[in-house]
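Q: sequence first, predicted model second:
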Amino acid sequence: MTVLIGLFKVFLNLIYLILKILPAQNKVVMISRQSDCPGLDFVLLGRALERRHRVVMLCKTLEGKEKARASVCLRYGLHIFRQMYHLATSRVCVLDSYCPAVSLLRHKKSLTVIQMWHSNGTMKRFGYSAIGKKEGTSPRMAKAMNMHRHYDVVLCSGRAYSEHLYQGFDISPDKIKIYTLPRFDLLHDAAYEQKTRAAVYARYPCLQEKPTVIYAPTFREGGHEEFARHLRQLADAFDFERYALVVKAHPLFAADCSDDRVIVDRVFTTFDMLFVADKVISDYSCVIYEAAVRDIPLYFYAYDLEEYQSDRGLALDYDTLPGFTEQEAAALVRDLEKPYDLEYLRAFTARYVENTEDCTRKVASLVEEYMPKQEC
């Protein structure tokens, strides 16, 4: 496999050598493998930049059950050639995830690559810090793919997060700049909150009747049936007279988790559900940072903690998390009624998210620092 990747890398760089003859434009290319459409961070940043620069967004995922199909791989391969053209003719590339074309190709010196990673904090190991783990990349594959290479700048929401980033990306600390993701502007935007709450309540009017608990677990490579079993245990222990329970499972979650007592939402994003949440239950998901900025009490249902630590690895000491952590559903439900230490939550959040105002404008200004100066 590594030999084939090596040959593919040579082939791509030969084509890219020709494309680099084309002149660079006053253009920012934004590339994502998170989804097939731009996420909130790209939308907000794109709007701020397109007033003065051309912005091209290339969003395409290669995930799920169909990722091994030849037709899917072919379409993504063709998409890589689009990426190559825009990388060759742009001044700045903004990423929110790993991009093979960025890592495999040798770029012009005039191109600046900014990694605007999709998380504002960390829970689990990733990239080079997860190498050798069951759910991590093998050392040979990481080397063959030049994994996470060619980043000039990596954005980081807080200094406590920076160590995890330079370990995960295997970069020098001086490449990290403290900037919070654009979507954090919306967490205290009254108009956005009102619009989002109205949309959620129109879909689920019952959520207005009692406090709402959002259960937002992380994605697991396997164990879908086990997750469904533990979700049923949570529902069996839950006090539905006291609370409403909304489950925000990952879109790629395959097992059946339907339950008449529970709202299993696939309409809204987890981010949007935070605007109706009174409490959030998670496990290893970085949604906790957005919830914490909104002062939403956090609870951790870590039924597979030992297994997850072995298969993936955690970047944080689980005992230091701001909230109650349990491996049994009944114990977690009892925790919902206990007094919550909001001051500890706020102190934790301040270490990982240092700025929540004008995030979009500040990131846009940073991008523009690497664009050619406009003549008056």
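A: Structure's in. What do you need?
Q: residue 272: neighbour count?
A: 20 (other Cβ atoms under 10 Å). C-beta: built from backbone N, CA, C; applies to glycine.
Q: now do the buried residues in stretch 159-174.
A: For stretch 159-174, the neighbour count (16 or more other Cβ atoms under 10 Å) marks 160-162, 164-169, 171 as buried.
Q: er, stretch 103-119 actually
A: Quick answer for stretch 103-119 (16+ other Cβ under 10 Å): 103-105, 107, 111-119.
Q: ok so, going back, take the buried residues of stretch 159-174 and write them to CSV, including pLDDT, secondary structure and distance to residue 51.
A: Converted to CSV, these look like this (pLDDT from 0 to 100; DSSP: H, G, I helix; E, B strand; the rest coil; distance: Cβ to Cβ, whole Å):
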residue, pLDDT, secondary structure, distance to residue 51
160, 91, helix, 34
161, 92, helix, 30
162, 92, helix, 31
164, 91, helix, 34
165, 94, helix, 29
166, 91, helix, 33
167, 93, helix, 36
168, 94, helix, 33
169, 96, helix, 30
171, 95, coil, 31
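Q: need the max-distance pair from the residues you listed.
A: Using Cβ to Cβ, the buried residues of stretch 159-174 span at most 17.2 Å, a distance reached by 160 and 171.
Q: tell me the one of the buried residues of stretch 103-119 nearest residue 358?
A: Relative to residue 358, and with distances defined as Cβ to Cβ, the nearest of these is residue 116, at 15.8 Å.
Q: how close does that closest one sit to residue 180?
A: Residue 116 sits 10 Å away from residue 180, taking Cβ to Cβ, to the nearest Å as the criterion.
Q: residue 372 too?
A: Distance from residue 372 to residue 180, by Cβ to Cβ: 26 Å.
Q: and these two? which has more neighbours close in?
A: A count of neighbours by other Cβ under 10 Å puts residue 180 above the other of residue 372 and residue 180, at 25 against 12.
Q: residues contacting that one?
A: Counting by Cβ atoms under 8 Å, 6 or more residues apart in numbering, residue 180 touches 120, 157-158, 353-356, 359, 362.
Q: buried ones only from the residues you listed, please, as a PyMOL command.
A: Buried residues among those (16+ other Cβ under 10 Å), as a PyMOL selection:
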select buried, resi 120+157+158+353+354+356+359+362
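Q: will you turn the contacts of residue 180 into a markdown table that also has pLDDT and distance to residue 279?
A: Converted to a markdown table, the contacts of residue 180 look like this (pLDDT from 0 to 100; distance: Cβ to Cβ, whole Å):
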| residue | pLDDT | distance to residue 279 |
| --- | --- | --- |
| 120 | 84 | 20 |
| 157 | 95 | 23 |
| 158 | 93 | 24 |
| 353 | 94 | 20 |
| 354 | 92 | 25 |
| 355 | 90 | 26 |
| 356 | 90 | 21 |
| 359 | 97 | 25 |
| 362 | 98 | 31 |
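Q: ok, so of the contacts of residue 180, who is nearest residue 218?
A: Using Cβ to Cβ, residue 120 comes nearest to residue 218 of the contacts of residue 180, at 14.9 Å.
Q: check contacts around the residue nearest the centre of the chain.
A: Taking Cα atoms, centre = their mean, the centroid of the chain lies closest to residue 118, which sits 3.5 Å from it. With contact taken as Cβ under 8 Å, 6+ apart, residue 118 is in contact with 34, 39, 41, 96-97, 181.
Q: so where do the helices sit in the stretch 201-350 of the chain?
A: 224-237, 270-273, 287-293, 305-311, 329-335, 342-352 (DSSP state H, counting those that start in this stretch).
Q: can you tell me which of those is packed in deepest?
A: Across the helices of the stretch 201-350 of the chain, averaging neighbours per residue (mean count of other Cβ atoms under 10 Å) puts helix 287-293 on top, at a mean of 25.
Q: just how off-centre is stretch 29-41 within its chain?
A: Counting by Cα atoms, centre = their mean, to the nearest Å, stretch 29-41 is centred 11 Å from the centre of its parent chain.
Q: for residue 124, which of the helices of the stretch 201-350 of the chain is the nearest?
A: helix 305-311 (7.7 Å).
Q: what's the pLDDT at residue 319?
A: Looking at residue 319, its pLDDT reads 86.
Q: same thing with residue 64?
A: Reported pLDDT for residue 64: 51.
Q: for the remainder of this discussion, apply numbering that starts at 38.
A: Got it, first residue is 38 now, which makes that one residue 101.
Q: report pLDDT for residue 212.
A: 97.
Q: I'd say it and residue 186 touch.
A: No - judged on Cβ atoms under 8 Å, residue 212 makes no contact with residue 186 at a distance of 11.8 Å.
Q: export only the CA atoms of stretch 297-316, formatted as PDB.
A: Only the C-alpha atoms of stretch 297-316 are listed here, as PDB (Å, rounded to 0.1, in the frame of the first residue of the first chain):
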ATOM      1  CA  ASP A 297     -40.800   6.500  22.000                       C
ATOM      2  CA  ARG A 298     -39.600   8.300  25.200                       C
ATOM      3  CA  VAL A 299     -36.500   9.900  23.500                       C
ATOM      4  CA  ILE A 300     -36.200  12.400  20.700                       C
ATOM      5  CA  VAL A 301     -33.500  11.200  18.400                       C
ATOM      6  CA  ASP A 302     -32.900  14.300  16.300                       C
ATOM      7  CA  ARG A 303     -31.400  14.200  12.800                       C
ATOM      8  CA  VAL A 304     -32.700  17.600  11.700                       C
ATOM      9  CA  PHE A 305     -30.600  20.100  13.600                       C
ATOM     10  CA  THR A 306     -26.900  20.200  14.400                       C
ATOM     11  CA  THR A 307     -25.600  19.500  17.900                       C
ATOM     12  CA  PHE A 308     -24.400  23.200  17.900                       C
ATOM     13  CA  ASP A 309     -28.000  24.400  17.300                       C
ATOM     14  CA  MET A 310     -29.400  22.100  19.900                       C
ATOM     15  CA  LEU A 311     -27.200  23.900  22.500                       C
ATOM     16  CA  PHE A 312     -29.600  26.800  22.300                       C
ATOM     17  CA  VAL A 313     -32.400  24.800  23.900                       C
ATOM     18  CA  ALA A 314     -30.200  22.700  26.200                       C
ATOM     19  CA  ASP A 315     -30.500  23.000  30.000                       C
ATOM     20  CA  LYS A 316     -27.900  20.200  30.600                       C
END
